[in-house]
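Q: show me the folded form of this:
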Amino acid sequence: MMVPLALLVLGGLAAALAPRVLARADWPTREPVLALLVWQCVVAAVLLCCALAMALSAAAAWEAVRGHVFAPAPRGVMEAYALTGCGAWAAPLAVALASGAVWTAAMLTREIRTARARRRRRRADLLVRAPLLPGEERGAERLVVLEGERAEAWLLRGGAAPRLVITTAALRRLKGSQLDAVLAHEQGHARARHDWLLHVSSALANGFPQVPVFAAFRDQMHHLVELAADDSASRRFGRLTTALALVELNEDRGVFGPCPAGVSGLPDRVDRLLAPAPRLTVLQRFRLTATAALVPVVPVLVTFVPGLSALGG
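A: The predicted model follows:
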């Protein structure tokens, strides 16, 4: 019955070491899409460790569960896991891990409902500020212009297609292809479904504030999705145009002064666009991608080693 404990130790090591290793690396800002993949694989491995440990602990605690978990396996495989005689601590462990799973699902549901309610409020506000004209179909326009003294632009999801909402102040400031760069940035978010990454990372961080890896996951997701969207826009309209668009939209917010308001990260994003670091080589990207893809496989291998050994013997 050492496999569940080994899985929990493995998950703890991944949760403790991965954020430190990634924080010391300099390549995530150079390859934000790859960094997003690595973070997802690390968190998936941690969650997989907990899920597999829960299944084996429940199998050790209750015979009914054991029958379902090992139903297709020969008897020798089940004996290789030494599940009998561990009910004293296996049952509390299984209940604790199952409670964590239920709590995670509840927090994710709350996060999605909150986001949907926010979108409904924005759509209702949009109808008030920009009512439909006679004969105009709702949601047909891809660009909506609102009267406003503050330069703002955002992508409103929902409906037939996402719509870019922009204020007249932003239109006055954005010149040439800068508006196209803003649209490409927001479309990059939509194509990559960055909203789902933000929902999951926020749900884990809010549900388990004592777990540092989930807080780091949330912070890095918010940072990396913006870098990835910046790169998506800069590939189409150039780094200078994208950087100038960011400056024009946010200059009045005080984020570029000597004492930036809050921790926006915008000055670093502009500097990154204007003075880009060299990208990793194709071989380096391939190695990192392969390593990241193998991380969630390790818990599965640890789980199946006793069973495979029994079959091989």
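
Q: for the stretch 151-300 of the chain, what spans make up the strands?
A: 153-156, 163-167 (DSSP state E, counting those that start in this stretch).

Q: any chance of these in TSV with distance to residue 209, mean neighbour count and mean pLDDT as columns?
A: The way it works is simple: take the backbone N, C-alpha and C, and place the C-beta from them, glycine included. Below are those laid out as TSV (distance: least, Cβ to Cβ, whole Å; neighbours: other Cβ atoms under 10 Å; pLDDT from 0 to 100):
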stretch	distance to residue 209	mean neighbour count	mean pLDDT
strand 153-156	28	17	82
strand 163-167	33	21	84
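
Q: so which of those comes closest to residue 200?
A: With Cβ to Cβ as the measure, strand 153-156 is the member of these nearest residue 200 (19.1 Å).

Q: mind listing the strands that closest one pairs with, and their directions?
A: Strand 153-156 pairs in its sheet with strand 163-167 (antiparallel), by DSSP bridges.

Q: still on that earlier bit, dump the strands of the stretch 151-300 of the chain to a markdown table, plus distance to residue 208.
A: Formatted as a markdown table, those follow (distance: least, Cβ to Cβ, whole Å):
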| stretch | distance to residue 208 |
| --- | --- |
| strand 153-156 | 29 |
| strand 163-167 | 34 |
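
Q: of those, which approaches residue 35 most closely?
A: With Cβ to Cβ as the yardstick, what comes closest out of the strands of the stretch 151-300 of the chain is strand 153-156 (22.3 Å).

Q: and the worst-scoring helix or strand of the chain on mean pLDDT, C-alpha only, in PDB?
A: When each helix and strand of the chain is scored by mean pLDDT, DSSP states H and E, helix 75-80 comes last, with a mean of 73. In PDB, the C-alpha atoms belonging to helix 75-80 read as follows (Å, rounded to 0.1, in the frame of the first residue of the first chain):
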ATOM      1  CA  ARG A  75      -6.200 -11.400  -9.000                       C
ATOM      2  CA  GLY A  76      -2.400 -11.400  -8.900                       C
ATOM      3  CA  VAL A  77      -2.500  -7.700  -9.900                       C
ATOM      4  CA  MET A  78      -4.700  -6.700  -7.100                       C
ATOM      5  CA  GLU A  79      -2.500  -8.600  -4.600                       C
ATOM      6  CA  ALA A  80       0.600  -6.800  -5.900                       C
END
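
Q: who are the neighbours of that helix, in terms of helices and strands?
A: Counting contacts by 3 or more Cβ pairs under 8 Å, 6 or more residues apart in numbering; DSSP states H and E, helix 75-80 is packed against helix 297-312.

Q: got the buried residues for the helix it packs on?
A: By neighbour count on 16 or more other Cβ atoms under 10 Å, the buried set for helix 297-312 is 299, 302-303, 306-307, 310.

Q: of all those residues, which comes closest to residue 146?
A: residue 299 (48.8 Å).

Q: now do the contacts for that closest one.
A: By Cβ atoms under 8 Å, 6 or more residues apart in numbering, residue 299 lies in contact with 7, 10-11, 45, 48-49, 52.

Q: swap in 6 Å and give it another go.
A: For residue 299, the contacting residues are 7, 45, 48-49, 52, by Cβ atoms under 6 Å, 6 or more residues apart in numbering.
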